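**Q** have a look at this prediction, sequence included:
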Amino acid sequence: MVYKPQLPEVKKHIDHYWVLKRVALQALDSSHMYAYPGITPDMIIVLDGHYTITYMGKTFSSNRSLLFSFIHHSVHIDFSGLQSCIIVKFKSRGLSSLKPFLPFSADTIMRDSVAFADDVFGADFKTFNNRLLHIDPITWVDELDQWFAAAYKKEFEGFVVEMSQEVSKNCDLKVIMDATGYSYSTLERYFKRETGLTPKRFQTLQRFKKALRELHTTTNKDWQHYISKYDYYDQSHFIKEMRRFTGHTPSELLQVPSFIKVRPDYS
């Protein structure tokens, strides 16, 4: 089941909570999933069972909740040992959707971008995670809203990324600079402070993730469609960028089990 946050300060930065119980997990196409670099922080709150993760050459199993603030390389996750969990999907604005809940700079978060949630949020989160195990599931969404609202600090909010997406959904840098009057260097300073990424890197990842989502959800093999829709130079550029972030060509990606295939789509 998918639930939207209700509190204004929370729903501004979190897109939805996805509650997955064993029946739903068993219904997935595969218990082995891959995630790739992108601009959407995610958190897996483990309620029962464990997962196994392979990331940057290391493999480990755990029952601790996990925060993906940014993925530098592809991640492989095995959910076969997981009985139930809640996935928190933040808004697709890079770290700027996560930072209002954390007292850390973007650079600090990026250095430990895949981490146990209680290490990032502190002991209070571990207590909260345990509390979820002993209350009626019908109250989970309210509890999540209240917890994030308590962690929220308005002074940690950015503005340039949200404003940029309102001005240009494709993050066209020229359009943004014309609308704001900012030079590229000023825009870069704000983007790096809010997201840990340069505007060009943010733009590249945004385009890649949109194309990847469409590829997985439609299985459309007309590469020219993606080239035209997402402003790739040519087929070579499109294929090279897919391989750069995933290690696979577009054709190969259609055979790889991805979380995008089963994730709710609110784009």
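**A** Sure, I can see it.
**Q** need the helices for the stretch 101-250 of the chain, in chain order.
**A** 106-111, 117-121, 123-132, 140-151, 160-167, 173-180, 184-195, 199-218, 223-229, 235-246, 250-253 (DSSP state H, counting those that start in this stretch).
**Q** so where's the chain shaky on pLDDT?
**A** Along the chain, the model assigns pLDDT under 70 to residues 23-30, 259-267.
**Q** re earlier: got the helices of the stretch 101-250 of the chain as JSON lines, with distance to Leu47 columns?
**A** (C-beta placed from N, C-alpha, C; glycine too.) Below are the helices of the stretch 101-250 of the chain laid out as JSON lines (distance: least, CB to CB, whole Å):
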{"stretch": "helix 106-111", "distance to Leu47": "25"}
{"stretch": "helix 117-121", "distance to Leu47": "13"}
{"stretch": "helix 123-132", "distance to Leu47": "6"}
{"stretch": "helix 140-151", "distance to Leu47": "9"}
{"stretch": "helix 160-167", "distance to Leu47": "31"}
{"stretch": "helix 173-180", "distance to Leu47": "41"}
{"stretch": "helix 184-195", "distance to Leu47": "30"}
{"stretch": "helix 199-218", "distance to Leu47": "27"}
{"stretch": "helix 223-229", "distance to Leu47": "37"}
{"stretch": "helix 235-246", "distance to Leu47": "30"}
{"stretch": "helix 250-253", "distance to Leu47": "30"}
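**Q** please tell me how far the closest residue to Asp78 other than its chain neighbours sits from Lys58.
**A** Once flanking residues are discounted, Asp78 sits nearest to Thr52: 4.1 Å by CB to CB, 6 or more residues apart in numbering. Using CB to CB, to the nearest Å, Thr52 is found at 11 Å from Lys58.
**Q** and the two? Which one has more around it.
**A** Using other CB atoms under 10 Å, the more surrounded residue of Thr52 and Lys58 is Thr52, with 17 against 8.
**Q** torsion angles phi and psi at Tyr55?
**A** With angles defined as degrees, to the nearest 10, Tyr55 sits at phi -150, psi 130.
**Q** hang on, it packs against Val114?
**A** Yes: contact criterion CB atoms under 8 Å: Tyr55 and Val114 qualify, at 5.7 Å.
**Q** could you find the closest non-adjacent residue to the residue most central in space within the chain?
**A** The chain has Thr40 as the residue nearest its centroid, 2.5 Å off, counting by CA atoms, centre = their mean. Counting by CB to CB, 6+ apart, the nearest residue to Thr40 once its immediate chain neighbours are dropped is Ser92, at 4.5 Å.
**Q** for that neighbour, what are its contacts?
**A** Going by CB atoms under 8 Å, 6 or more residues apart in numbering, Ser92 touches Asp15, Gly38, Ile39, Thr40, Gln206, Lys209, Ser267.
**Q** you'd agree the second one is in a helix?
**A** No: with DSSP: H, G, I helix; E, B strand; the rest coil as the criterion, Gly38 is assigned coil and is not in a helix.
**Q** so how far is Met177 from it?
**A** Applying CB to CB, the value for Gly38 to Met177 is 24 Å.
**Q** between Tyr55 and Val114, what contacts are shared?
**A** Joint contacts of Tyr55 and Val114 (CB under 8 Å, 6+ apart) are Ile71, Val75.
**Q** can you select the buried ones from the contacts of Ser92 in ChimeraX?
**A** To isolate the buried members of those in ChimeraX, using 16 or more other CB atoms under 10 Å:
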select :15,38,39,40,206,209
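**Q** dump the contacts of Ser92 to a markdown table, plus distance to Leu187.
**A** Shown next, in a markdown table, are the contacts of Ser92 (distance: CB to CB, whole Å):
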| residue | distance to Leu187 |
| --- | --- |
| Asp15 | 25 |
| Gly38 | 21 |
| Ile39 | 16 |
| Thr40 | 21 |
| Gln206 | 15 |
| Lys209 | 20 |
| Ser267 | 24 |
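**Q** name the nearest of the contacts of Ser92 relative to Leu144.
**A** Lowest distance from Leu144 to these (CB to CB) belongs to Asp15, with 12.6 Å.
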